[in-house]
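*Asks:* Here is the input, now give the coordinates:
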Amino acid sequence: MRIRATVVAVTGAVALSAFVVPAAQAAGGGAHRSVDTLKALHAAASGRSTFTGSTGGTGTPYALDARFTGVSVNNGKPIVAGTTGRVSVPVTFKVTHGAGVDVTAGDTELDVFIYRGSFDEPANLLGGDDYPACSNTSATVATCKGTIDILPDEDLENADATGWKAAGYIVDVNDVDLRGDDIDYSKIGFIENSALTTAKLQRLSKLTVNAAPEPVKKGKTLTVTGKLSRANWDSGTYAGYSTQPVKLQFRKKNSSTYTTVKTVKTSTTGSLKTTVKATVDGYFRYVFAGTSTTPAATAAGDFVDVK
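*Replies:* Predicted coordinates:
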């Protein structure tokens, strides 16, 4: 995510006076922004407050003749995040606009971000490190590409593993000097669209398996252990995923097909343990189907040599 100076909430009013953004920055770049800044951005995008400049001004921005269409976040797939690193997923959309609107102009800013909760009072918002890049495909349509960029250890909490929605805004300053003492805000165009599409965030899962003893005599008992864990965004660690059904599967040494042996539930700490009889050489693995908050996971097969 990046810091936006475009719109900020100031003492209950919305100030556009900080909008002045160099053209190079409008095309992309800038520092990573905080969730608080994103919340301020949403407050400005709500359009419920009177627009006033920090040094004075009159009027209210007019409704810009533009709308977002065909918004897609991560190609419709869930966004899966671990506890560290940076997760970046694509955002694509079109802007349909009047012939007098140019979303690629240097004094125009637009963005699409995702929010959790209500649009009026979102619990969290996530955006991209750079502004979307747009190109005009006709006099009234622009095609845009951007990203949603996430630092899990800074941006996420466990409650974020749920459904999200996308929203977008466009501000056209029309060369108005926002640093002036008497700003006519009625010359500035503004539009926002909420609930443009849906997105889902999930907590990355990990699954292990170990079959012992190795080697083992035919007909003897094998103990197959493992653990199912997932990202805990509150603590920044991976924690066991309790009481989840996990399939134990087996494939013979020269086969490419796994078959399910049994279903085992994880313990309160996410541990797995069961026993089977050793019959032939082959591979054991655990397979987790996933839940709405956690993606599927498959452990790498553990080979057992049966004597």
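
*Asks:* going forward, measure contacts and count neighbours with C-alpha atoms only.
*Replies:* Will do.

*Asks:* Which residue, other than its chain neighbours, is closest to the residue nearest in space to the middle of the chain?
*Replies:* With distances taken as Cα atoms, centre = their mean, I79 lies nearest the centre of the chain, 5.1 Å away. Of all residues not flanking I79 in the chain, L201 sits nearest, at 4.7 Å (Cα to Cα, 6 or more residues apart in numbering).

*Asks:* Doesn't the one you found lie inside a strand?
*Replies:* Yes. Applying DSSP: H, G, I helix; E, B strand; the rest coil, one finds L201 inside a strand.

*Asks:* quick one, what contacts it?
*Replies:* P78, I79, V80, A81, D160, A161, T162, G163, W164, T293 (Cα atoms under 8 Å, 6 or more residues apart in numbering).

*Asks:* and stretch 179-197, how far apart are its ends?
*Replies:* 36 Å (Cα to Cα, to the nearest Å).

*Asks:* low-confidence ranges in this protein?
*Replies:* For the chain, residues meeting the criterion pLDDT under 70 lie at 1-57.

*Asks:* in it, which spans are helices?
*Replies:* Using DSSP state H, the helices of the chain run over residues 23-26, 35-45, 152-155.

*Asks:* so L196 sits right up against A166, yeah?
*Replies:* Yes. Using Cα atoms under 8 Å, L196 makes contact with A166 at a distance of 5.2 Å.

*Asks:* Pick out whichever of the two has more residues nearby.
*Replies:* It is A166, of L196 and A166, that has more neighbours when counted by other Cα atoms under 10 Å, with 24 against 18.

*Asks:* Find the nearest non-adjacent residue to that one, please.
*Replies:* Per Cα to Cα, 6+ apart, closest to A166 is I114, 4.2 Å.

*Asks:* in the sheet, who's paired with that neighbour?
*Replies:* Under DSSP bridges, the beta-bridge partners of I114 are L126, A166.

*Asks:* Show the contacting residues for G82.
*Replies:* P152, R203, L204, S205, R230, A231, W233.

*Asks:* Could you pick out the buried ones from those?
*Replies:* Buried members of the contacts of G82, scored by 16 or more other Cα atoms under 10 Å, are P152, R203, L204, S205, R230, A231, W233.

*Asks:* Pull the most distant pair out of the residues you listed.
*Replies:* Distance extremes for those: the farthest pair is P152 and S205 at 14.2 Å, using Cα to Cα.

*Asks:* what about T197, neighbour count?
*Replies:* 16.

*Asks:* looking at the contacts of L201, which has the most residues close by?
*Replies:* Neighbour max across the contacts of L201 (other Cα under 10 Å) = A81, 26 neighbours.

*Asks:* number of nearby residues for the residue nearest to A166?
*Replies:* I114 has 25 nearby residues by other Cα under 10 Å.

*Asks:* burial of the residue nearest to P245 when sequence neighbours are not counted, as a residue count?
*Replies:* In space, and not counting its chain neighbours, P245 is closest to K265: 4.4 Å by Cα to Cα, 6+ apart. As a burial measure, K265 scores 17 neighbours (other Cα under 10 Å).

*Asks:* from memory K265 sits against V287, does it?
*Replies:* No. Counting by Cα under 8 Å, V287 is not a contact partner of K265; they are 11.4 Å apart.

*Asks:* Overlap of the contact sets of these two?
*Replies:* Contacts common to K265 and V287, judged by Cα under 8 Å, 6+ apart, are V246.

*Asks:* give me every residue that touches the residue nearest to A166.
*Replies:* Here I114 is in contact with L125, L126, G127, W164, K165, A166, A167, A199 (Cα under 8 Å, 6+ apart).

*Asks:* Next: S205.
*Replies:* Contacts of S205 by Cα under 8 Å, 6+ apart are G82, L228, S229, R230, A231, T294, P295, A296, A297.

*Asks:* Next: P90.
*Replies:* By Cα under 8 Å, 6+ apart, the residues touching P90 are V73, N74, N75, K145, G146, T147, I148.

*Asks:* redo that, cut-off 7 Å
*Replies:* For P90, the contact set (Cα atoms under 7 Å, 6 or more residues apart in numbering) comprises V73, N74, G146, T147, I148.
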